[in-house]
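Enquirer: I'll drop the sequence and a predicted model, then ask my questions.
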Amino acid sequence: MSTERDDWPEGVARHVLPSVDSTMDEAARLAPGLSGSAWIFAHEQTAARGRRGRAWRAPTGNFSATLVMRPEGGLGQAALYSFVAALALEAALAHVGGPHARLSIKWPNDVLLSGGKIAGILLESLRGGEQIAIGIGVNLAQAPDRSEVEPEAMAPVSLIGETGMQIAPVDFLPMLAQAFDHYDRQFRDYGFDAIRNAWLARAARLGEEITARVGNETYRGTFETIDETGALILTTPEGRRAISAADIFF
Ligand SMILES: O=C(O)CCCC[C@@H]1SC[C@@H]2NC(=O)N[C@@H]21
């Protein structure tokens, strides 16, 4: 189903499914027939996945969707969309969570609420990078148990648990789609600098000591900034390091 309403970005398609294996898989199936952007939303996913092959629990009541789009600047720019998506997600959650919701973004794209992980973003390239799939899962109603995630990972939290606010996942979709459209326009009009500045204003632990795990190596240092490629800049006792992929621990 594809519809358009006033609270929905112009020219963007919407597919609403009762249940699906993973909205990422559905995105890959639909992508060849999509000329523009499309949000694929599911009330429930039975085989959702997270980053690095981890499983992702997506029960009814939590938000699950994937945006399929053609990235500005091709595959080279595609990874920067994870910052665009994180900003959009933070904005949509701020809208729902109200002024007291303590939101921040953990590099590169985990949105935190009250210091716990409320949402995850998974970016995959489709059809050789011609299109990208940006999968977003939000614990609106339920968070997995602490024992279900790695011991060093951020504690999972839910919107309802931290703020008492309740929103149906399907009602969260237009808020997120509009917020994404807003930051996507900023990216297209003003480049990554605009996104980078907005992202840094919301960054968790900026200027503080953090740990980055890159494969088997672990680096501890001060989180200085992110560069024009989105890499995390860490000042360690051995010098300045640009890290483009890592697990981050506080
Ligand atoms: O590991 C993470 O933090 C990323 C989690 C991404 C989960 C979302 S839910 C919607 C989309 N479909 C999936 O199978 N995964 C993503």
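Expert: Looks like it arrived, so ask away. Computed from a prediction, not measured in an experiment: that's the story for all the values here.

Enquirer: got the buried residues for the longest strand along the chain?
Expert: The strand that spans the most residues within the chain, counting by DSSP state E, is strand 217-226. Applying a neighbour-count criterion of 16 or more other C-beta atoms under 10 Å, one finds 219, 221, 223, 226 buried in strand 217-226. All C-beta spots, glycine's among them, are computed from the backbone N, C-alpha and C.

Enquirer: same list, these, but as CSV with distance to the ligand and pLDDT please.
Expert: Putting the buried residues of strand 217-226 into CSV (distance: C-beta to the nearest ligand atom, whole Å; pLDDT from 0 to 100) gives the following:
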residue, distance to the ligand, pLDDT
219, 21, 95
221, 23, 97
223, 19, 98
226, 18, 97
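
Enquirer: would you turn those into a markdown table with distance to residue 105?
Expert: Supplementary listing: those in a markdown table, determined by distance: C-beta to C-beta, whole Å:
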| residue | distance to residue 105 |
| --- | --- |
| 219 | 20 |
| 221 | 19 |
| 223 | 12 |
| 226 | 11 |
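
Enquirer: and residue 173, what element?
Expert: helix 169-190 (DSSP states H and E).

Enquirer: for that helix, which helices and strands make contact with it?
Expert: Helix 169-190 sits against strand 13-20, strand 38-45, strand 63-69, helix 81-97, strand 131-138, helix 192-201, with contacts defined as 3 or more C-beta pairs under 8 Å, 6 or more residues apart in numbering; DSSP states H and E.

Enquirer: now with 7 Å, please.
Expert: strand 38-45, strand 63-69, helix 81-97, helix 192-201 (3 or more C-beta pairs under 7 Å, 6 or more residues apart in numbering; DSSP states H and E).
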